[in-house]
Structures are given as C-alpha cells and as structure tokens.
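K.L.:
With the input below, show me the fold.
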Amino acid sequence: MPLTYAIGDIHGSLPKLRRLIARCEEHAEGRSMTFVFLGDYIDRGPQSAGVVRYLISLQSRLPGRVIALKGNHEAMALDAVDGTMAEALWLTQGGAATLASYRVGTVRDLPRRHLDWMRALPLSCDDGSRFFVHAGIDPEKPLDAQEDRDLIWIRERFLADSRDFGRLVVHGHTPLATDAPDLHCNRLNLDTAAVFGGPLTAAVFVDTQVKPIAFLQAK
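P.N.:
The predicted structure follows:
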C-alpha cells in the first residue's frame, strides 16, 4: 500500500529534517512512499541553505515522489529579490539567518539555482482526499478558485471555520504551542514549531482513508 508523508514547516532545521526522513523511510519498510513538504524551508533557523540543498537532492533521488510546496517565507525571499518587498523587511522575518547560512550579504546573492527552485514551487497539491497547502484556504471560495496570497498567508478566517471543505486541508504556517499536530474534522495543522524547539512532524496517509494513520516526529 503506497504511503504519503506530509511534513510541516522546517525553517532551516536540517538535523530534524534528516532524522525525520530516516524515520519515514524506516516506517515505510520498503513500501512506495511520497513526500509532501508544506513550505517554509528557509528563514529563522540556522541551516536554510542546507535544507534547500537536501530537498533538491531528495527530489533527484526520488523522482516524482517529492512534492515541495511554496511557503510565505520562500515567497518573501523572492519578493525581496524582485524588489516588491524591501529586503530590510524580509531580514526582520528571519531572512538574516538565511543570508548567514549561505554566507552572502544580500538576497540577490543567493544561488540562482536555489532561487529558481523556490520560484517553481507549486502552491498546493490535491490528491482527491486531501488538499495540501502551506497556510490554508479561503473558506468562502472553492478549492479551484483560491487566491495565491491566501494559500500562503491566511490564518484566522480559515482556522476558525468548521465547515466541510470537500477535502481534509493539510497545512502548516501557524506554529502550535504544543508538540502535537492539531487535527480537526476539516483540517490538520502540522506546524509543530520545529524552529522554536518543537519537533518536526510528518503525518502518514494511505489511499483507503482520509485522516492520517500515524504521526512521526523528530526532535
């Protein structure tokens, strides 16, 4: 039975990412596995460059089985590159740690390959049972009519809504105060605040049921 592992916000936490992927591979026991990363690979944590390199390598090692979604922090870095956001603002949102990890002085000096990779990241993934996204959705709009900004930035209007969205929305973006993922009838938050001392969390899904069959964590 194929398995899908959805992984929450990483934010430069490379050792936790390595440990979690090892746990997932051990859990799979040779079964077909797909990874869905929910965005926010960079900023705040000390090893943003290493995380991006690791994910690019993982995509090469497992072609077609590693889906990395764009988070608001990748979007902010790109906005800073493009001049639609002041670089100084990005730096205050964790960008300074990203520059330090790359050993460069400005966002425009980040490796072109990594910026191109971030630019190409999709905003969502729909497997028919789950809708994977960084932040959430606008509850007032169908899934196929969402605004890009909401997919990577929305919080309160989505988090407070209890209606059926037609899919289980699997997201990150909003750090949880406890080490446990937050599962509701219509959504699942996997941001267990890895960069703030919490674990990095993966939810394990199979095709025969909508909700996860297990959670795996790395501290």
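K.L.:
Tell me the spacing between residue 98 and residue 61.
P.N.:
The span separating residue 98 from residue 61 equals 24 Å under the rule CB to CB, to the nearest Å. The C-beta positions use only the backbone N, C-alpha and C, and glycine is treated the same way.
K.L.:
I'd say residue 134 and residue 121 touch.
P.N.:
No. Residue 134 lies out of contact with residue 121 (CB atoms under 8 Å); the separation is 9.5 Å.
K.L.:
Show me where this structure has its helices.
P.N.:
The residue ranges that make up the helices of the chain, judged by DSSP state H, are 14-28, 48-61, 72-82, 87-90, 96-102, 112-119, 148-153, 156-159.
K.L.:
most packed of these?
P.N.:
Taking mean count of other CB atoms under 10 Å as the contact definition, the stretch among the helices of the chain with the greatest mean neighbour count is helix 72-82, which reaches a mean of 22.
K.L.:
any idea of the angle that one forms with helix 112-119?
P.N.:
Angle between the axes of helix 72-82 and helix 112-119 is 120 degrees (criterion: axes from the mean of the first three to the mean of the last three CA atoms, to 10 degrees).
K.L.:
Residues touching helix 72-82, excluding its own?
P.N.:
Contact partners of helix 72-82, identified using CB atoms under 8 Å, 6 or more residues apart in numbering, comprise 11, 39-44, 85-87, 89-90, 93-95, 98, 107-108, 110, 115, 118-119, 121, 134-135, 152-153, 173.
K.L.:
Mind doing that once more with 6 Å?
P.N.:
Among residues not part of helix 72-82, those counted as contacts by CB atoms under 6 Å, 6 or more residues apart in numbering are 40, 42-43, 85, 87, 90, 107-108, 118-119, 152-153.
K.L.:
give me the number of residues near the nearest residue to residue 217 once chain neighbours are set aside?
P.N.:
Nearest in space to residue 217, with sequence neighbours left out and distances taken as CB to CB, 6 or more residues apart in numbering, is residue 199 at 3.9 Å. Around residue 199 there are 21 other residues, counting by other CB atoms under 10 Å.
K.L.:
Just read off the phi/psi values of residue 199.
P.N.:
Here the main-chain torsion angles of residue 199 (degrees, to the nearest 10) amount to phi -80, psi 160.
K.L.:
Let me see the contact set for it.
P.N.:
Residues near residue 199 by CB under 6 Å, 6+ apart: 179, 192, 217, 219.
K.L.:
State the pair within these that is farthest apart.
P.N.:
Put simply, by CB to CB the two of the contacts of residue 199 set farthest apart are 192 and 219, 9.8 Å from each other.
K.L.:
Mind checking which of the two has more residues around it?
P.N.:
For residue 192 versus residue 219, neighbours defined as other CB under 10 Å are more numerous around residue 192 (24 against 13).
K.L.:
residues in contact with that one?
P.N.:
Here residue 192 is in contact with 176, 179, 198-199, 201 (CB under 6 Å, 6+ apart).
K.L.:
Please pick the buried ones from these.
P.N.:
Among these, those that count as buried by neighbour count (16 or more other CB atoms under 10 Å) are 176, 198-199, 201.
K.L.:
Let's have these in TSV, adding distance to residue 102.
P.N.:
Shown next, in TSV, are the buried ones among the contacts of residue 192 (distance: CB to CB, whole Å):
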residue	distance to residue 102
176	29
198	25
199	26
201	26
